[in-house]
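Participant: need a 3D model of the following:
(2 chains)
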Amino acid sequence: MMLDQIVATREQPQVNDSIDSGTIAACQRGDRHALRRLFDEYKDRVYSIATYSLGGDHAAAADITQQVFLKLMTRIQQFRGDSEFATWLYRLVVNTCRDEQRKQRRFVPLADSFLSSMKSESSPRRNYARKEVSERVQTAISELKPKLRWPILLKYVEGMSYEEIGVVLGCSKGTVASRLNRGHQALSRKLGDLRGQVALD
Amino acid sequence: MFSKHLSKLSSAYVHGELSSEETRQFAEHLIACASCRADFDEVKMGAKFAEQLTLFSAPASIWPNVIAGFDHQPRASTRIQFLRPLAIAAAIVMMIAGGWWLWRSIRSEVPPSWQVARLNGSPRIDSQAINQDGRLAIGQWLETDATSSAQLSIDNVGRVEIDPNTRVRLLQTNSSEHRLELAHGRVSARISAPPKLFFVNTPSGVAEDLGCAYTLEVDDAGDSVLHVTAGWVSMQTANGEPVVPAGAACVTRKSLGPGTPYFEDATADFRAALARFDFDSTVETSSKRSSTDVLLREARPRDVMTLWYLLPRVNKDERARVYDRMTAIMAPPPGVTRDGMLSLDQEMMNSWKAKLGLSWGQPMEPKHSFWKKLWAETLGRVNGLRGKR
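Facilitator: Numbering: from 1, shown residues only, chains lettered A, B, ... in the order given. All right, here's what the predicted structure looks like:
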């Protein structure tokens, strides 16, 4: 079986948009309430993806999120509905993050700063083991190569299908599958010592 | 051995991105190919880690900044004024569409659950009696009394019969894991999902399905008995993880861990001696030795499996007796030496394990093709093995 052949025979993915076409149309007419609804729907996921892709830099992630929604408001009239809104939005997110990384010329794995920023987010009452797993996973993901990290983020933060991820990243479903495979294997190797803790969850 | 490995499909399989035919081919390949199974396990564990990702809350200051930035950009503001009546109309349409969308979402979003069919009496889900059928959601208990029984099923995973006086809870059900908790009573599972996806937690250990069918019983003390009728099951405990093949059973005591797996058609004397050896802590060393005598005397060719499990459980003198009996019954695998086995050399232990068909991580012997055939039959009846996301 060839992977490309396999993925080519799959059915169309389920639409994962939770914003209806009426809201999009209202946003295109400049309706602030509709824009606010759209912002509320996506802000946490956009911010989280930006945070992970920028190695845990929350200030930069907030800036990216702001840029993404500003671009969205000014460009939403260009959205023609010939793709899912989520894939259109996440193309904006990915491109904005990549632009930011190019601008800052910095490499992503800021494990120490990521961990310290994560600690400030955490409640002191959280279960220590769970917190450790969560922090280690976040750091490990931030250390993945971008081409392996993006499919992981779009899959696990946004819940996209392989086809949707392929549209966002401009690659085939087969490439998405291959990169997710490699990303999963890399995570498994990096976090092998936590195997028992996750398995028992 | 295989001209083409399929492990590159592991993630697509875990995420339900393969068609039913591709899924069937992948699952069949997985059964037969140790290399792809190892890769699949690694990918599955990586996916479990990725599932731990959490969302951050975006700071509240972002929206005002977005609006401020937007308001300072030049644009055709009259256009919005001009379109205001249209905007009102669109808002009405949007409200209708939104209501329809919400209604559709509520109707279509079924939380993860297993189908429950009543077989006898009045089984209860969280104390509510079910009529003919119902759904068991994550966290809910399904309980049967002395006169009731039920069947749990889920597409593409399998079915579990719940015998009378049994209490089970659904702990997890997703593409990479289906897990029940058996508090007490007896369940009979027939699993069509690929190996290592279905688990049953008991007070004394976790039964991990390696395919295909077994019965698991838990008594009021939390001790369990596993009877495997097809394929293999691994009993995971803090004190070991024996793999139990079809036709064999394994008793696990909550306080003592797993006993030694044995074939259920072993002689009564063999089984009684094994029970004394495993769990009778009051017996003296001499009595232990007499139990071993019975085990060695009564062992048939297929009981070599039990003797192999005994090797690390006995002292070195006893181990020599056990090993000599094993080799008297069955020729050792190539490359295995007596000294190596007496010092429990891991590689040599694994060679024996593979020879005995207990080796989940090793290529299977042709004699186990029956299991593959059973799998193929089971899988062949399933349309869309992985089902909808």
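
Participant: quick one: name whatever helix or strand follows the one helix or strand in chain A whose mean pLDDT sits lowest.
Facilitator: Across the helices and strands of chain A, mean confidence by mean pLDDT, DSSP states H and E is lowest for helix A:3-8: a mean of 38. Later in the chain than helix A:3-8, the nearest helix or strand by DSSP states H and E is helix A:21-28.

Participant: could you give the mean pLDDT of the next helix or strand after that next one?
Facilitator: Once helix A:21-28 ends, the next helix or strand along the chain (criterion: DSSP H and E) is helix A:32-53. In this model, helix A:32-53 has an average pLDDT of 91.

Participant: isn't there a helix covering residue B:250?
Facilitator: No - when DSSP: H, G, I helix; E, B strand; the rest coil is applied, residue B:250 is found to be strand, with no helix at that position.

Participant: contact partners for it?
Facilitator: The contact partners of residue B:250, by Cβ atoms under 8 Å, 6 or more residues apart in numbering or on different chains, come to B:225, B:226, B:235, B:242, B:244, B:258, B:259, B:260, B:261, B:262. C-betas here are computed from N, CA, C, even on glycine.

Participant: narrow those residues to those in strands?
Facilitator: Members of the contacts of residue B:250 lying in strands (criterion: DSSP state E): B:225, B:226, B:235, B:244, B:258, B:262.

Participant: chain A: which of those is nearest?
Facilitator: Set against chain A, the nearest of those by Cβ to the nearest Cβ is residue B:235 (15.1 Å).

Participant: next, count neighbours for the closest one.
Facilitator: By other Cβ atoms under 10 Å in any protein chain shown, 26 other residues sit near residue B:235.

Participant: and what of residue B:262?
Facilitator: So residue B:262, with other Cβ under 10 Å, has 24 neighbours.

Participant: show me where the stretch 1-150 of chain B has its helices.
Facilitator: B:10-14, B:20-32, B:34-50, B:62-71, B:77-82, B:84-108 (DSSP state H, counting those that start in this stretch).

Participant: now for those helices, which one comes closest to residue B:321?
Facilitator: Closest of the helices of the stretch 1-150 of chain B to residue B:321 is helix B:34-50, at 32.6 Å (criterion: Cβ to Cβ).

Participant: by how many degrees do the closest one and helix B:20-32 diverge?
Facilitator: Orientation note: helix B:34-50 sits at an angle of 110 degrees relative to helix B:20-32 (axes from the mean of the first three to the mean of the last three Cα atoms, to 10 degrees).

Participant: is any residue of helix B:34-50 near chain A?
Facilitator: Yes - on the criterion Cβ under 8 Å from any Cβ of the partner chain, helix B:34-50 is in touch with chain A at B:39, B:42, B:43, B:44, B:45, B:46, B:47, B:48, B:49, B:50.

Participant: tell me which of the helices of the stretch 1-150 of chain B lies nearest to residue B:188.
Facilitator: Here helix B:20-32 is closest among the helices of the stretch 1-150 of chain B (Cβ to Cβ), at 21.7 Å.

Participant: and that closest one, what does it pack against?
Facilitator: Using 3 or more Cβ pairs under 8 Å, 6 or more residues apart in numbering or on different chains; DSSP states H and E, the elements in contact with helix B:20-32 are helix B:10-14, helix B:34-50, helix B:369-380.

Participant: and it, what's buried?
Facilitator: B:22, B:23, B:24, B:25, B:26, B:27, B:28, B:29, B:30, B:31, B:32 (16 or more other Cβ atoms under 10 Å in any protein chain shown).

Participant: same list, the residues you listed, but as CSV with pLDDT please.
Facilitator: As requested, those are arranged in CSV below (pLDDT from 0 to 100):
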residue, pLDDT
B:22, 84
B:23, 82
B:24, 81
B:25, 83
B:26, 84
B:27, 81
B:28, 79
B:29, 82
B:30, 80
B:31, 76
B:32, 76
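
Participant: just the closest of these to chain A, please.
Facilitator: Once Cβ to the nearest Cβ is applied, the member of the buried residues of helix B:20-32 that ends up nearest chain A is residue B:22, at 5.1 Å.

Participant: mind checking how far the closest one is from residue A:162?
Facilitator: 13 Å (Cβ to Cβ, to the nearest Å).

Participant: what touches both of these two?
Facilitator: By Cβ under 8 Å, 6+ apart, no residue touches both residue B:22 and residue A:162.

Participant: what residues sit buried inside the helix or strand where residue B:289 lies?
Facilitator: According to DSSP H and E, residue B:289 maps onto helix B:285-298. Judged by neighbour count (16+ other Cβ under 10 Å), helix B:285-298 contains these buried residues: B:288, B:289, B:291, B:292, B:294, B:295, B:296, B:298.

Participant: so what's the fifth one closest to, chain neighbours aside?
Facilitator: Setting aside the residues directly before and after it, residue B:294 is nearest to residue B:273 in space (Cβ to Cβ, 6 or more residues apart in numbering or on different chains), at 3.8 Å.

Participant: how many other residues sit next to the one you found?
Facilitator: For residue B:273, using other Cβ under 10 Å, the count is 22.

Participant: give me the helices and strands touching whichever strand or helix holds it, please.
Facilitator: Following DSSP H and E, one finds residue B:273 within helix B:268-279. Judged by 3+ Cβ pairs under 8 Å, 6+ apart, helix B:268-279 is in contact with strand B:248-253, strand B:262-263, helix B:285-298, helix B:304-310.

Participant: for residue B:196, which three-state class applies?
Facilitator: Residue B:196 ends up coil, using three-state DSSP.

Participant: measure it to chain A for me?
Facilitator: 11 Å (Cβ to the nearest Cβ, to the nearest Å).

Participant: contacting residues around that residue?
Facilitator: B:41, B:44, B:208, B:209, B:210.

Participant: closest one of those to residue B:116?
Facilitator: residue B:209 (19.6 Å).

Participant: what's around the closest residue to residue B:5 other than its chain neighbours, how many residues?
Facilitator: Leaving aside its chain neighbours, residue B:5 sits nearest to residue B:36 (5.3 Å; criterion: Cβ to Cβ, 6+ apart). Residue B:36: 21 surrounding residues under other Cβ under 10 Å.

Participant: tell me which residues touch residue B:36, please.
Facilitator: So residue B:36 contacts B:2, B:5, B:6, B:7, B:10, B:29, B:30 (Cβ under 8 Å, 6+ apart).

Participant: how about the contacts made by the last one?
Facilitator: Residues near residue B:30 by Cβ under 8 Å, 6+ apart: B:6, B:36, B:37, B:40, B:194, B:195.

Participant: in chain A, what spans have low per-residue confidence?
Facilitator: By pLDDT under 70, the low-scoring segments of chain A are A:1-18, A:82, A:103-130, A:198-201.

Participant: which residue ranges form the helices in it?
Facilitator: A:3-8, A:21-28, A:32-53, A:58-75, A:85-104, A:111-121, A:128-143, A:146-156, A:162-169, A:173-190, A:195-199 (DSSP state H).

Participant: on that earlier part again, could you identify the most distant pair in the ones in strands among the contacts of residue B:250?
Facilitator: Going by Cβ to Cβ, the pair spanning the ones in strands among the contacts of residue B:250 furthest: B:235 and B:262, at 12.8 Å.

Participant: before we move on, back to that, and which of the buried residues of helix B:20-32 is nearest residue B:313?
Facilitator: Distances from residue B:313 to these, taken by Cβ to Cβ, are shortest for residue B:31, at 30.1 Å.

Participant: quick check, that closest one in contact with residue B:195.
Facilitator: Yes - between residue B:31 and residue B:195 there is a contact at 7.3 Å, judged by Cβ atoms under 8 Å.

Participant: contacts for stretch B:260-276, please.
Facilitator: Counting by Cβ under 8 Å, 6+ apart, B:227, B:242-245, B:247-251, B:259, B:277-278, B:283, B:287, B:291-292, B:294-295, B:298-300, B:302-303, B:305-306, B:309-310, B:313 sit against stretch B:260-276.

Participant: host element of residue B:207?
Facilitator: strand B:205-218.
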